[in-house]
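**Q** Provide a 3D model corresponding to the input given below.
(2 chains)
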Amino acid sequence: MKNVIKLRKGLDINLKGTACKGTISTLKSEEYALVPDSFCGVTPKIVVHEGDKVKAGEPLFVSKKHPEVKFASPVSGTVESILRGERRKILYVKVRADEQQQFLDFGSKDINSLDAEAVKKALLDAGIFGYIKQLPYAVSTTPDTDPKAIFISAFRDMPLASDFEVELEGNEKDFQTGLNALSKIQKTYLGISSKQAAKALFNAENVEINIFKGKCPAGNIGVQVNHVCPVNKGEVVWTVDPAHVIIIGRLFNTGKVDLRRVIAVAGSEIKKPSYVEALIGTPLSAVLDGKLAKEDHIRIINGNPLTGKKTTMEDYIGAATSEVSVIPEGDNVDELLGWILPRTKEYSTSRSYFSWLFGKREYNLDARIKGGERHMIMSGEYDKVLPMDIYGEYLIKAIIAGDIDKMELLGIYEVSPEDFALAEFVDSSKLELQHIVREGLDMLRKENA
Amino acid sequence: MSALKKILDNIRPNFDEGGKLHAFKSVYDGFDAFLFVPNTTSKSGTNIHDAIDSKRIMSMVVIALLPALLFGMYNIGYQNFLAAGTLARASFWSIFLYGFIAVLPKLVVSYVVGLGIEFAWAQWKDEEIQEGYLVTGILIPMILPVNCPIWIMVIAIAFAVIFAKEIFGGTGMNIFNVALIARAFLFFSYPTKMSGDSVWVAKDTIFGLGNQLPDAFTCATPLGQISQNINVPYSMCDMFTGFIPGSVGETSVIAIAIGAIILLWTRIASWKTMLSVFVGGGVMAFLFSATGSSHIPWYEHIILGGFCFGAVFMATDPVTGARTEIGKYIYGFLIGAMAIIIRVLNAGYPEGMMLAILLMNMFAPLIDYCVVQSNISKRMKRLTTKK
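**A** As a prediction, the model looks like this:
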């Protein structure tokens, strides 16, 4: 009997334009780019020059503090440009792809013959160790940490998020190999949803399986860690995106760094929401080519509408991108007397609107904030959508006040910004909670460094 | 609609930095946001947002207050005609209109003064106007006796808005309920205008409506009569429907119950706080009447005076009340209990709801502190057992 964890709190937002399964097309592009910003917490140091030839799997940049953590190129080709922004911050490392792809061969390995150190070394050498994240701080982890456990959440339940079972199809063997590899390092927990059915998940070996039953954000890794094995001060838990588990598995099975992943292209402004297979680093212009229903007043999001980043066509698929969503921007909408009219098209958790009447209707929400920022007025709003043993309001207040001791006491080590995404959605005071939590985490990381 | 938007957009430059009317920018922004949902879009963080905002919430509270306000207007007329003995001859509309005209100036002045301070403050601090006063502005005339002069209400509003709200940082940062601070200010500064037996029934004709009552006419509230050991001449039915003298909005249990349903249904007010105020008050009143300290049955304590009004509209203010879910039970219970204790044990104060809520406003952070501390100790314990 597997461990079933029921979560009562949460909220499923039913958005228009969820990606349909169906034929998954493979995308090709002439140029690819690795985005250092998509590896949260990493300060990059470039190790290639413009014009250099690289193979797929060769590092493009390394972490400044931990040079052994390398970041592999998704393709073989020529380094075309290294784009820098303000204060010479590295934005992209662009690679023009060769016609014939050449992979750096790391040699396929039998996991059973490897120990923890050997697995770590293989990941470091291949430049994919940086894909592993950690709690506390929700950043890319470093090899000097000693995790007390490794967590994988095999389902995404944010609105418009990609269905991991679609991503998994055809990659079951690599997924299991990836799990085997991680379980060599430390005890590994796999969180799956009660709505999932894939055998590769339910029969996964070498991991402890927890089945989560509940609404979004049950799929958040932070929520799962909080319920299974909460992070205390001084402890570290590694968290791995399930798509990255497949990439890790591929490395051991084939000896290649193959950064292919399946991505959902979703949202109400997409003609036919579907899945595509693409390499990490594929430009969004290639992903969205011919798929947009409208050209103006749209918002392209690298990720899902709750946790994703507002972006443009010039962006690239990042390490953590499991979906690209496009919704209306809403900057051309003028709604009269919003404080009193029924506004039946709008979605709200509040009964002062009528969404509770319409059941499972799909909503087409735009990016308006729909109100002014206020001090925290209503109480208990965050708690309703934060299924963790944490007083969200008080933690947010402690962060705003910059009170580090209080933050620690209130459990900041257990949260990541995405855990507050739903709270930010429902907040009637319209505070930027994810941003506030990220600031708090950065503050503590600096303090504890 | 788009024409209106165009006009607003056209005059906007006048209000921007350097424009002729820059001093009224907060007023312009306030009206713009009042007419149209702001179409600013999120820059970072969640890309989508719930349609709820504080304007909508405050509007809902105002709507919930309307039944009590309308009934209060009718009751003002009713009490005047009853005292003059002309009730049987008066029509519904003449009774209501009399009360309406008696309350309207107070409502208008309350909003003008309160919002005026609010606008000026927002302009000075270069902030957006906050909606909190929408509720406070209607609450204040509703918790005053009908004969309370407008000029002292103005002083109380100015004091409450500035010293109970703005200096703390505006709506959401205040420690005490602003409307109750206004009432407390009047209660202690102008006791003769706020309590006693000559303030509860309107005595003058207004524009020819109503009846002129003799200056010497007196009529105490039922609670006032009880504290003076006078038999209450009202039936249970009158007390419940609200045909008794009292502050404008507090008398009708039925009208307040309609408001309570709106607040609970929209989940704007916490049922935990509301329920526990009634439980606290009920238990304490029961104890007092069982021990003989109070002469009236426990349920009369609940339906008389400002108990229901305070429980539904004042104790549930999320800003000044307890914010943790467990805290809400404790906070509510203590308000109810304290209100009855003040009523029964302090002969000087026939009504205790205002003081009870203000007292518990002060203790709400302490209650929350204890609740949050238990979460902290749990976390600390986990840490020490690990080691």
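**Q** Secondary structure element for the residue sitting nearest the centre point of chain A, which one?
**A** For chain A, the residue nearest the mean C-alpha position is A:A320 (4.2 Å; CA atoms, centre = their mean). For A:A320, there is no helix or strand it lies in under DSSP states H and E.
**Q** what separates it from chain B, distance-wise?
**A** According to CB to the nearest CB, to the nearest Å, A:A320 stands 16 Å off from chain B. All C-beta atoms are positioned from the backbone trio N, CA, C, and that covers glycine.
**Q** residues in contact with that residue?
**A** A:38, A:241, A:303 (CB atoms under 8 Å, 6 or more residues apart in numbering or on different chains).
**Q** Is it correct that A:D331 is in contact with B:N39?
**A** Yes. With contact defined as CB atoms under 8 Å, A:D331 reaches B:N39; the gap is 5.4 Å.
**Q** show me what contacts the closest residue to chain A within the stretch 1-150 of chain B?
**A** Residue of the stretch 1-150 of chain B nearest chain A, by CB to the nearest CB: B:D53 (2.5 Å). Going by CB under 8 Å, 6+ apart, B:D53 touches A:338-339, A:370-372, A:428, A:430.
**Q** What about chain B: which of those touch it?
**A** Applying CB under 8 Å from any CB of the partner chain to the contacts of B:D53, one finds that A:338-339, A:370-372, A:428, A:430 fall near chain B.
**Q** And the furthest pair within these?
**A** Largest separation among the ones next to chain B among the contacts of B:D53 by CB to CB: A:W339 and A:K430, giving 14.1 Å.
**Q** Surely A:V62 is within a strand?
**A** Yes. According to DSSP: H, G, I helix; E, B strand; the rest coil, A:V62 belongs to a strand.
**Q** A:H49 and A:T43: what is the separation?
**A** Going from A:H49 to A:T43 by CB to CB, to the nearest Å gives 19 Å.
**Q** Same check on B:C148?
**A** Taken as CB to CB, the span from B:C148 to A:T43 is 66 Å.
**Q** More neighbours: these two, which one.
**A** A side-by-side neighbour count of B:C148 and A:T43, using other CB atoms under 10 Å in any protein chain shown, places B:C148 first with 22 against 13.
**Q** Helix, strand, or coil at that one?
**A** coil.
**Q** can you count the residues close to residue 271?
**A** Just going to use chain A. With neighbours defined by other CB under 10 Å, the count for A:K271 comes to 12.
**Q** wrong chain, I was asking about chain B
**A** For B:W271, the count of nearby residues is 14 (other CB under 10 Å).
**Q** What does the pLDDT read for the nearest residue to it once chain neighbours are set aside?
**A** Leaving aside its chain neighbours, B:W271 sits nearest to B:L264 (5.4 Å; criterion: CB to CB, 6 or more residues apart in numbering or on different chains). Model confidence at B:L264, given as pLDDT, is 93.
**Q** so which helix or strand takes in B:L264?
**A** B:L264 belongs to helix B:253-265 when assigned by DSSP H and E.
**Q** follow-up on the earlier one: model confidence for the closest residue in space to the residue of the stretch 1-150 of chain B closest to chain A that isn't next to it in sequence, exactly?
**A** Nearest residue to B:D53, sequence neighbours excluded (CB to CB, 6+ apart): A:G371, at 2.5 Å. What the model reports for A:G371 is a pLDDT of 84.
**Q** List the contacts of A:G371.
**A** A:428, A:430, B:37-38, B:49, B:52-56.
**Q** I'd like those written out as a markdown table, with pLDDT and distance to B:S294 added.
**A** Converted to a markdown table, the contacts of A:G371 look like this (pLDDT from 0 to 100; distance: CB to CB, whole Å):
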| residue | pLDDT | distance to B:S294 |
| --- | --- | --- |
| A:S428 | 90 | 41 |
| A:K430 | 90 | 47 |
| B:V37 | 78 | 51 |
| B:P38 | 78 | 52 |
| B:H49 | 91 | 50 |
| B:I52 | 88 | 43 |
| B:D53 | 87 | 45 |
| B:S54 | 87 | 40 |
| B:K55 | 87 | 43 |
| B:R56 | 88 | 42 |
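**Q** could I get those as a markdown table with distance to A:A149 and secondary structure?
**A** Converted to a markdown table, the contacts of A:G371 look like this (distance: CB to CB, whole Å; DSSP: H, G, I helix; E, B strand; the rest coil):
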| residue | distance to A:A149 | secondary structure |
| --- | --- | --- |
| A:S428 | 37 | coil |
| A:K430 | 36 | coil |
| B:V37 | 46 | coil |
| B:P38 | 45 | coil |
| B:H49 | 35 | coil |
| B:I52 | 38 | coil |
| B:D53 | 41 | coil |
| B:S54 | 41 | helix |
| B:K55 | 46 | helix |
| B:R56 | 44 | helix |
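**Q** Make JSON lines from the residues you listed and add distance to B:G116 to it.
**A** Converted to JSON lines, the contacts of A:G371 look like this (distance: CB to CB, whole Å):
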{"residue": "A:S428", "distance to B:G116": "26"}
{"residue": "A:K430", "distance to B:G116": "26"}
{"residue": "B:V37", "distance to B:G116": "25"}
{"residue": "B:P38", "distance to B:G116": "23"}
{"residue": "B:H49", "distance to B:G116": "31"}
{"residue": "B:I52", "distance to B:G116": "28"}
{"residue": "B:D53", "distance to B:G116": "23"}
{"residue": "B:S54", "distance to B:G116": "20"}
{"residue": "B:K55", "distance to B:G116": "19"}
{"residue": "B:R56", "distance to B:G116": "24"}
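**Q** In ChimeraX, select just the buried ones from those residues.
**A** Buried residues among the contacts of A:G371 (16 or more other CB atoms under 10 Å in any protein chain shown), as a ChimeraX selection:
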select /A:428,430 /B:37,38,49,52,53,54,55,56
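**Q** Just the element for the closest residue to A:L431 other than its chain neighbours, please.
**A** Of all residues beyond its chain neighbours, the one nearest A:L431 is A:E373 (6.4 Å), with distances taken as CB to CB, 6+ apart. Using DSSP H and E, A:E373 sits in no helix or strand.
**Q** Tell me how many other residues surround A:E373.
**A** 15.
**Q** so who does it touch?
**A** With contact set as CB under 8 Å, 6+ apart, A:E373 has these partners: A:429-431, B:128.
**Q** One more pass at 10 Å, please.
**A** By CB atoms under 10 Å, 6 or more residues apart in numbering or on different chains, the contact list for A:E373 reads A:427, A:429-432, B:40, B:53-54, B:127-128.
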